[in-house]
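Participant: I need the structure of the sequence given here:
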Amino acid sequence: MGIDEKTKAAAWQQIRQFGDPVLREESRQVKPNAELHRLAERMIRIMFAADGVGLAAPQIGILQKIIVFRFGKDEPQVLLNPEITWRSEESATQAEGCLSLANLAVDVPRAVSVRVKGQDLDGNEQEYELEGLQARILQHEIDHLNGIMINSRTSREQRKDLMARLRQVKLPGEE
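Facilitator: Numbering: from 1, shown residues only. Alright, predicted model coming up:
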């Protein structure tokens, strides 16, 4: 079932875009509560409506350490207070998009493998050992919690090109 244009436009209106100062702020640790359950549900709806594979709370203006993500067709997952506890020395540079950059892509170097720990919505400890695209997704979302965007992790030429493309893009629902 596809997402209608009105739902897509509403989702994009909630996603903070490059230049919004909240995207450069560091997020606060959280403790599981009913409010976080509602926030996670909202974030998952926005992520799906915007065709994303991950979303961090700062991207919707909330400076709390909560991310949602999905791996392929898997069910979406939620992680509170995620942190990278180990990264491989091996890295790879690949095109990476960001919903807060109108989903435009730039080449970003990332560790090929990572270990991430955090909690689920009930406060249970979670640990992931990931590689490839899955590792890239979590590194990207955790960067958002630390106020780091992909344009900070790419070359000067890529940043310049990205800024030029951003000036021309229209988000769903914009005239």
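Participant: Strands of the chain, residue ranges please.
Facilitator: Using DSSP state E, the strands of the chain run over 54-56, 66-69, 77-87, 91-97, 105-111, 113-119, 125-131.
Participant: Any buried residues in the helix or strand of the chain with the lowest mean pLDDT, and which?
Facilitator: Lowest by mean pLDDT, DSSP states H and E among the helices and strands of the chain is helix 5-14, with a mean of 91. Counting neighbours by 16 or more other CB atoms under 10 Å, one finds that the buried residues in helix 5-14 are 7-8, 10-12, 14. For every residue, glycine as well, the C-beta is placed using N, CA and C.
Participant: mind showing which ranges of this structure have poor pLDDT?
Facilitator: 1-2, 175 (pLDDT under 70).
Participant: in the chain, which helix has the most residues?
Facilitator: helix 34-49 (DSSP state H).
Participant: Using CSV, write out the CA atom coordinates for that one.
Facilitator: What follows is helix 34-49, C-alpha atoms only, in CSV (Å, rounded to 0.1, in the frame of the first residue of the first chain):
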residue,chain,number,x,y,z
ALA,A,34,4.8,6.0,28.0
GLU,A,35,5.6,9.3,26.3
LEU,A,36,8.6,7.7,24.5
HIS,A,37,6.3,4.9,23.2
ARG,A,38,4.1,7.6,21.6
LEU,A,39,7.2,9.4,20.3
ALA,A,40,8.6,6.2,18.8
GLU,A,41,5.3,5.5,17.1
ARG,A,42,5.2,9.0,15.6
MET,A,43,8.8,8.7,14.4
ILE,A,44,8.1,5.4,12.7
ARG,A,45,5.1,6.9,10.9
ILE,A,46,7.2,9.8,9.7
MET,A,47,10.1,7.6,8.7
PHE,A,48,7.8,5.4,6.6
ALA,A,49,5.9,8.3,5.1
